[in-house]
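Enquirer: sequence and predicted model, in that order:
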Amino acid sequence: MLTVLACIFVFGILISVHEFGHFICAKLTGMRVDEFSIGFGPELYSNQDGETLYSLRAIPLGGYNKIAGMDPGDPVDDRSFKAKPLPARMLVILAGSFMNILLPVLIFWVLFMTEGIGMPVDKPVLGQVVPGYAAAESGLLPEDKVLSVNGKAVTSWQEMRTQLLAGGMQPLELKIQRQDLVKTYTITPRANPETGKPFIGVVAKMDKQRLGPVTALKTSVIATADTIKEMLTALYKMVTGKTAAEVSGPIGVAKMAGQVAHQGISMLFQFTALLSLNLAVINLLPLPALDGGHFFLLLWEGVTGRKVGEKAMQNIQTAGIIMILAITIFATYKDLLR
């Protein structure tokens, strides 16, 4: 039951925020929105307010805005999508993904003010011992305190780090205090796969500190930008074959949402933020039926001065829908095998 509720919570927020971006931007640029819908399939609830029908549908795996004149074959009037200037149409297309980027900024901002952010403690106390590295293999544990490195006393994490790096790849003698027990360990560092520097596999202990509104906002923007960079890097590695492609469909995401929900509402919001950024990055790819594909066609119009024909647009959208369905079916199949 918790998995179902978590799934509805996550997808509901992501879809609502994304579609609201398209909706509000269309309204602000003078376009007529005939329907704003959350979900697909049978209608559960609807309300006509002015020119727009607001509806909630049974399948919470998507949503849509029926903007006048946007679909091939729609009649064109002065408030239709096609009648508006190119910059306005571009803004409407990008607005959904922009909202999916803005949402994590707001989530992180609130969490940094209320829950706090992990800040390293400047004491030589181990916060995490990474599995598979020398420290873990030698028996070091979280909360162990490092008293000395190669006979040199250390009183801060920075001092300990300096001594570890100074030893290069040579074996190190670490005097460790574990509660009332003091013991010396011999550890041989390995190269950090990301930096190439000596690394024994330990991470500083972290204490959560609540941030003020301004600092929290700055930190949330930086955290969002860093996450997007990591996602783009991972996507590049998958496309170029440097790493194996890992694809999760609706079932996989629902399972993850349920697992995260057991860790508390704060973790569920963090999961929602990461998924929102994932949605933004994927949706901006220049592929048919995605916002990125639609934006690319508008960009083509701006460069060449020629609009894509109705028939060509219809064929592109059909091909995109078939591609997305195929990927979804494949991802769902992989989810069922896991």
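Expert: In hand now; what should we look at? Numbers count the residues shown, from 1 in each chain.

Enquirer: what's the spacing between residue 215 and residue 114?
Expert: Remark: distance between residue 215 and residue 114 (Cβ to Cβ, to the nearest Å) = 14 Å. Every C-beta, even on glycine, is put in place using the N, C-alpha and C of the backbone.

Enquirer: am I right that residue 35 sits in a helix?
Expert: No. Secondary structure of residue 35 (DSSP: H, G, I helix; E, B strand; the rest coil): strand, not part of a helix.

Enquirer: wait, doesn't it sit right on residue 53?
Expert: Yes. Using Cβ atoms under 8 Å, residue 35 makes contact with residue 53 at a distance of 4.5 Å.

Enquirer: which elements pack onto the strand or helix carrying residue 218?
Expert: Applying DSSP states H and E as the criterion places residue 218 in helix 213-239. The contact analysis (3 or more Cβ pairs under 8 Å, 6 or more residues apart in numbering; DSSP states H and E) places helix 213-239 against helix 86-114, helix 265-283.

Enquirer: could you point out which element follows that helix?
Expert: Per DSSP H and E, the first helix or strand lying C-terminal to helix 213-239 is helix 250-261.

Enquirer: please give the element, helix or strand, for residue 5.
Expert: Assigned by DSSP H and E, residue 5 belongs to helix 2-28.

Enquirer: in that helix, what counts as buried?
Expert: Residues 3, 6-7, 9-27 are the ones in helix 2-28 that count as buried (16 or more other Cβ atoms under 10 Å).

Enquirer: got it, and stretch 276-296?
Expert: Within stretch 276-296, the residues scored as buried using 16+ other Cβ under 10 Å are 276-284, 287-296.

Enquirer: put the alpha carbons of it into CSV.
Expert: Provided in CSV are the C-alpha atoms of stretch 276-296 (Å, rounded to 0.1, in the frame of the first residue of the first chain):
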residue,chain,number,x,y,z
SER,A,276,12.3,15.5,-11.6
LEU,A,277,15.8,16.4,-12.9
ASN,A,278,16.0,13.1,-14.7
LEU,A,279,12.7,13.9,-16.4
ALA,A,280,13.9,17.3,-17.4
VAL,A,281,17.2,16.0,-18.9
ILE,A,282,15.5,13.2,-20.8
ASN,A,283,12.6,15.4,-22.0
LEU,A,284,15.0,18.0,-23.5
LEU,A,285,16.7,15.4,-25.7
PRO,A,286,16.1,16.3,-29.4
LEU,A,287,14.0,13.2,-30.0
PRO,A,288,10.5,13.0,-31.6
ALA,A,289,7.5,13.4,-29.3
LEU,A,290,9.7,14.9,-26.6
ASP,A,291,9.8,18.6,-25.8
GLY,A,292,13.4,18.6,-27.0
GLY,A,293,12.3,17.2,-30.3
HIS,A,294,9.6,19.8,-30.7
PHE,A,295,12.0,22.6,-29.7
PHE,A,296,14.5,21.4,-32.3
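
Enquirer: which residues sit against it?
Expert: Stretch 276-296 is contacted by residues 13-14, 17-18, 90, 93-94, 96-98, 100-101, 103-104, 224, 227-228, 231-232, 235, 316-317, 319-321, 323-324 when judged by Cβ atoms under 8 Å, 6 or more residues apart in numbering.

Enquirer: any idea how far it is from the chain center?
Expert: From the chain centre to the centre of stretch 276-296 is a distance of 14 Å (Cα atoms, centre = their mean, to the nearest Å).
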